[in-house]
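Engineer: take this sequence and fold it.
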Amino acid sequence: MEDLKPVDPPHPAQDVTEHVGYRLKRAAAALRGAMDRALRAHGLTVPQYACLELLDQRPGLSNAELARGTFVTRQSMNVVLRGLQDEGLISRPATTDHGRALPTHLTAEGRGRLYAARSAVYAIERDMIDAIPQRRLAALLADLDRMAAALGG
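Structural biologist: Sure thing, here's the model as predicted:
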């Protein structure tokens, strides 16, 4: 058996709860919980809401593009899209003239549901932003982007 040595943490920390990754996960879990609660009142899940937001900004995205943009697998996105289509919130053609990608679009009902849910989600983001000094927001966003890039994301 190998003789394993202790590994020093990447920064001073008394326990795991002081690590950057732990705190990021805690913040992400808090955000997800708040969004789950708020979106439930609108009959949406977080992946469904994210999908509607993307389609509002970029109509015609494919399943694969939506999956990448909402951080779910293509298989999970298939389930999300079926649910949204069954509720009349999106439209997709049964077939396409070229390739296999089916472009997806919001319906009027989908746009209405999105706009109603958006105010609840934006209120959550406002609460997060209000928790930090305004002068630090740009630096925080840049730091988060750099962290993601450092990990290949």
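Engineer: which other residues reach the longest helix along the chain?
Structural biologist: Scanning the chain for the helix with the most residues, using DSSP state H, yields helix 108-130. With contact meaning CB atoms under 8 Å, 6 or more residues apart in numbering, helix 108-130 is reached by 31, 34-35, 38-39, 41-44, 49, 52-53, 55-56, 84, 87-90, 106, 137. Bear in mind the C-beta positions are built from the backbone N, C-alpha and C, glycine included.
Engineer: repeat that for 10 Å
Structural biologist: For helix 108-130, contacts defined as CB atoms under 10 Å, 6 or more residues apart in numbering pick out 27, 30-31, 33-35, 37-44, 46, 48-53, 55-56, 84-85, 87-91, 104-107, 137, 140.
Engineer: got a quick PyMOL command for the buried subset of the residues you listed?
Structural biologist: Selecting the buried subset of these in PyMOL, with 16 or more other CB atoms under 10 Å as the burial test, is done by:
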select buried, resi 31+34+35+38+39+42+44+46+48+49+50+51+52+53+55+84+89+90+104+106+107
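Engineer: out of the contacts of helix 108-130, which are inside helices?
Structural biologist: Per DSSP H, the contacts of helix 108-130 map to helices at 27, 30-31, 33-35, 37-40, 46, 48-53, 55-56, 84-85, 137, 140.
Engineer: nearest spatial neighbour of the residue most central in space within the chain, skipping sequence neighbours?
Structural biologist: Closest residue to the average C-alpha location of the chain: T70 at 4.9 Å, with CA atoms, centre = their mean. Nearest non-adjacent residue to T70, counting by CB to CB, 6 or more residues apart in numbering: A50, 4.1 Å away.
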